[in-house]
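In: Got a sequence here, can you model it:
(3 chains)
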Amino acid sequence: MIPQNIQLDSQGRLRHLLTIEGLKRQMIVDILDAAESFTTVGGQAVKKVPLLRGKAIVNLFFEPSTRTLTTFELAAKRLSADVLKINVGTSATNKGESLLDMLRNLEAMHCDMFVVRHAESGAAHFIASQVAPHISVINAGDGRHAHPTQALLDMFTIRRHKKEFAPLTVAIVGDIMHSRVARSQIHALTTLGVSELRVVAPKTLIPSHASTLGVHVFHDLTEGIRDADVVITLRLQKERMESALLPSEHEYFQQYGLTPEKLKAAKPDAIVMHPGPINRGVEVSSEVADGPQSVILEQVTNGIAVRMAVMSMVLGRAPEGAAQ
Amino acid sequence: MIPQNIQLDSQGRLRHLLTIEGLKRQMIVDILDAAESFTTVGGQAVKKVPLLRGKAIVNLFFEPSTRTLTTFELAAKRLSADVLKINVGTSATNKGESLLDMLRNLEAMHCDMFVVRHAESGAAHFIASQVAPHISVINAGDGRHAHPTQALLDMFTIRRHKKEFAPLTVAIVGDIMHSRVARSQIHALTTLGVSELRVVAPKTLIPSHASTLGVHVFHDLTEGIRDADVVITLRLQKERMESALLPSEHEYFQQYGLTPEKLKAAKPDAIVMHPGPINRGVEVSSEVADGPQSVILEQVTNGIAVRMAVMSMVLGRAPEGAAQ
Amino acid sequence: MIPQNIQLDSQGRLRHLLTIEGLKRQMIVDILDAAESFTTVGGQAVKKVPLLRGKAIVNLFFEPSTRTLTTFELAAKRLSADVLKINVGTSATNKGESLLDMLRNLEAMHCDMFVVRHAESGAAHFIASQVAPHISVINAGDGRHAHPTQALLDMFTIRRHKKEFAPLTVAIVGDIMHSRVARSQIHALTTLGVSELRVVAPKTLIPSHASTLGVHVFHDLTEGIRDADVVITLRLQKERMESALLPSEHEYFQQYGLTPEKLKAAKPDAIVMHPGPINRGVEVSSEVADGPQSVILEQVTNGIAVRMAVMSMVLGRAPEGAAQ
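Out: Below is the predicted model of the structure:
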């Protein structure tokens, strides 16, 4: 990693959020603490705080998304920002304008933040490296690379249930190879110092450099989640199954789908997570997804608070009392 | 009807608005009274009241719509709510997420209201039966079943012109069989106790159970609207004409199209209504649509006030002085 | 021109903005002065003024657009208005509603302003001639006819750099024939009284009536921009090149593309403008577009202030101190 992290400003404050990789432990904790102060907003009669009033936040989604787009839009509105949704498909193709020219134009309109989702790994970094000094970039998922707000909301959810990271055994189950979510989770969990971090998947879905990431690799689900405090299931991209990487949904579920029986291998108070949307009967059975150990919908709720925290912090407007 | 109306909370207050069927007369009157207090908002310099500030209202339109979607969006903004539009087409198909999982996620984001339009009859009821206790559902049209806010704005418009419902003769002209608007109007007019309620249509467009609805059936337009106080024309779905149900637009207009000549059969001060969009020269001639007896554009104006009233009431925020 | 300008109300105030043609010099200056007072808004911590709070502004874009739509949306939000985007494609085609009926409905909803873009010349005029007295119409580009807010932001940009129009030589380079931008610029520059106005293009792209517009026609770029104070390059519609009007992008750039070398013919302090989006290497080289004489991004920034000014003025809400 280069010393001058593009994500931080000259005083070490968060300016962009592009990846968890390279973020200091204290910075992650600061974000989680700031998010804590936003969790009450969703339960208020008036679900709004004026922190980002008059700021213009642009959702630049080059990949289709409903859930992530909606949570960012809602988080921005709860911070009282103005939100613009650029129909990038129409924009980019219709008039042949380059990405950089589009960015320059949005900057010239005094926009304050770009929330970027893109199918290419590195797209958010590239945009962050190009924007004017007054603009912040948040990576809402780039290719197979990173999905940092997802990982942060997962950490927030784990902390709410387990208090401390140090004693935890965490198992991530599924398509580790192609998952930007897994990559960001691994960086976050490693930085926060969990006791043991495992990945569980068929050999074809484990990246070859997995061992360098500080994780233990398992190919058997029951073994992989044994005595785990946290079981994170990943979404299986159905497209992959048409390739030779996987036999079939049914076969995947047989081996790696989380059922109440298999879940018994984990600790009795283990929590089950999933970034959504769930393929029921593929990654998890409905009994588990809707069961007492599932915190999947809490993840969605926490996602709003965590995104409010990140958006406030990169614009230098963290809530009172939140360390930054 | 089951005793425990899903639309009401345990204290008998309106929680969802799914259908007019089963609503008590007083509840309908309460909604119309609340709407009365919102009619002045559209004429103010600042067309906004802060009643729903910080509430998140989600437009879930599974069927394309411009007018109804726009009026709900405008009504929500005039109540100072935050409005989210979910591109359901993209959402539902792209990632194979189930409707229920989508609802659970929107609930977890602390959304407050779903405004639902769907091609399937019963969709809004189904969603209302599934949502968390803090969510209200408004049916913006489901299949052939119901379009309750349309019927309420029609009642509001009639009341403004005719004061009392008891003495009125009301004729509904057009495709009664397939019209969710007609169905909701019939329930509303019956509950409000009009003197005589008639439906006027070719035999192929009258449902077989019409007689059980308390309406008088006419197949001749002039007979059907004779001495009526209110003539409601319905939109003819052009798709139907390609089937065997109807001969042609021209022939329909000859027999059931409302012209100034035919309108003379109604009372001299009869008002003419249409839910829009109008097929000019099919259901009504332009002379009638734009003539002195037409209240078609007043219906649109009243639609905003009525939707503001319903949205406020289901969230427990009716304006001061409005009975609830 | 007819004496009763549809753009002005009975007291001579701006009610619609449809075209620069026929606007008095003082009116243009008033708009530029009002825009001046909005330029600081973009730099404020809270980029909002409450001038149009509670007003409903409808973007009616019958032609696809990202940049112009975004700037109007942002300008409206910075004025605290509520903004509705009508998906005209869906609306117009799905239910066969006529344009006039759609307008009548939006009026009945107490909307305050229509921002119209349309592929047909005259569309905004037609709409303005039809709307109710409380509605203002702003032309955001109609066919080959006019794009008045673009011309005004160009004038604003020129005035900021050159202070006075009287001594200026201005050259407009490119597809004059098909450009609504050029047409509006020519009217504005003529009304503001520049010393010399030139158009530079191949013969096939100069309208036959160019001489009647009070411009000097050049076919050679270096001659056309010699000693110019302002060089305005126009976007080349790539579609045109497939027709017989133009040989190829490469050939066009050879003859009419603005490079640093060719730009030396203009005054040393000449500014270079382009309405965007730029086709780099066609109308201008990147060296020029991103060079010290380019004010292209300033045009974008100024576009927000100018649109805020026009929107405020047509609704009778110009900022304090701005002449109207």
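
In: Give me every residue in chain A lying close to chain B.
Out: Neighbours of chain B within chain A, by C-beta under 8 Å from any C-beta of the partner chain: A:42-48, A:64, A:66-67, A:70-71, A:73-74, A:77-78, A:238, A:276-280, A:297-298, A:300-301, A:303-304. C-beta here means a position set from N, CA and C on the backbone, and glycine is covered the same way.

In: Any idea which residue of the stretch 201-324 of chain A lies closest to chain C?
Out: Nearest residue of the stretch 201-324 of chain A to chain C (C-beta to the nearest C-beta) works out as A:Arg317 at 9.3 Å.

In: before we move on, which element is the closest residue to that residue other than its chain neighbours in?
Out: Spatially, and ignoring its direct neighbours in sequence, A:Arg317 is nearest to A:Leu51 (4.7 Å; C-beta to C-beta, 6 or more residues apart in numbering or on different chains). Under DSSP states H and E, no helix or strand contains A:Leu51.

In: Please name the residues that touch A:Leu51.
Out: A:79-80, A:312, A:317, A:319 (C-beta atoms under 8 Å, 6 or more residues apart in numbering or on different chains).

In: what's the neighbour count on A:Gln293?
Out: Using other C-beta atoms under 10 Å in any protein chain shown, the number of residues around A:Gln293 comes to 18.

In: Now do the same contact list for it.
Out: A:Gln293 neighbours (C-beta under 8 Å, 6+ apart): A:263, A:269-272.

In: where does chain A have low pLDDT?
Out: In the predicted model of chain A, residues A:1-4, A:89-97, A:239-245, A:318-324 satisfy pLDDT under 70.

In: about what we covered before: which of the contacts of A:Gln293 count as buried?
Out: A:263, A:270-272 (16 or more other C-beta atoms under 10 Å in any protein chain shown).

In: on that earlier part again, please report the number of neighbouring residues for the residue of the stretch 201-324 of chain A closest to chain C.
Out: 17.

In: just to revisit the earlier point, closest to chain B among the contacts of A:Leu51?
Out: A:Ser80 (9.6 Å).

In: one step back: which secondary structure element is home to the residue of the stretch 201-324 of chain A closest to chain C?
Out: Counting by DSSP H and E, A:Arg317 is found in no helix or strand.

In: That one and A:Ala35: what is the separation?
Out: 14 Å (C-beta to C-beta, to the nearest Å).

In: same check, this time on A:Leu197
Out: From A:Leu197 to A:Ala35 the distance is 22 Å (C-beta to C-beta).

In: more neighbours, those two?
Out: Neighbour tally, A:Leu197 and A:Ala35, criterion other C-beta under 10 Å: the higher count belongs to A:Ala35, 28 against 20.

In: Does the more buried one touch A:Thr301 like I think?
Out: No - using C-beta atoms under 8 Å, A:Ala35 is not in contact with A:Thr301; the gap is 11.0 Å.

In: Could you tell me whether A:Met155 really is in a strand?
Out: No - looking at A:Met155 with DSSP: H, G, I helix; E, B strand; the rest coil, it is helix, so not inside a strand.

In: can you tell me which residues contact it?
Out: A:28, A:32, A:165, A:188-189, A:192.

In: For these, work out which two are farthest apart.
Out: A:Leu32 and A:Leu189 (12.9 Å; C-beta to C-beta).

In: any idea which helix or strand carries A:Val217?
Out: A:Val217 belongs to strand A:216-218, assigned by DSSP H and E.

In: Near A:Lys264, how many residues? Count them for me, please.
Out: 13.

In: Quick check: the gap between it and chain B.
Out: Going from A:Lys264 to chain B by C-beta to the nearest C-beta, to the nearest Å gives 25 Å.

In: Which residue lies closest in space to A:His161, excluding its sequence neighbours?
Out: A:His161 sits nearest to A:Ile271 (C-beta to C-beta, 6+ apart), 5.2 Å away.

In: Got phi/psi on that neighbour?
Out: Phi and psi for A:Ile271, reported as degrees, to the nearest 10, are phi -100, psi 150.

In: In contact with A:Leu8: list those residues for me.
Out: Here A:Leu8 is in contact with A:14-15 (C-beta under 8 Å, 6+ apart).

In: hang on, the earlier thing: would you mind giving me the ChimeraX syntax to select the buried ones in the residues of chain A next to chain B?
Out: Per 16+ other C-beta under 10 Å, the buried members of the residues of chain A next to chain B correspond to this ChimeraX selection:
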select /A:42,47,48,66,67,70,71,73,74,77,78,276,277,278,279,280,297,298,300,301,303,304
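
In: Work out the gap between stretch A:18-37 and the centre of the chain.
Out: Put simply, stretch A:18-37 sits 12 Å off its chain's centre (C-alpha atoms, centre = their mean, to the nearest Å).
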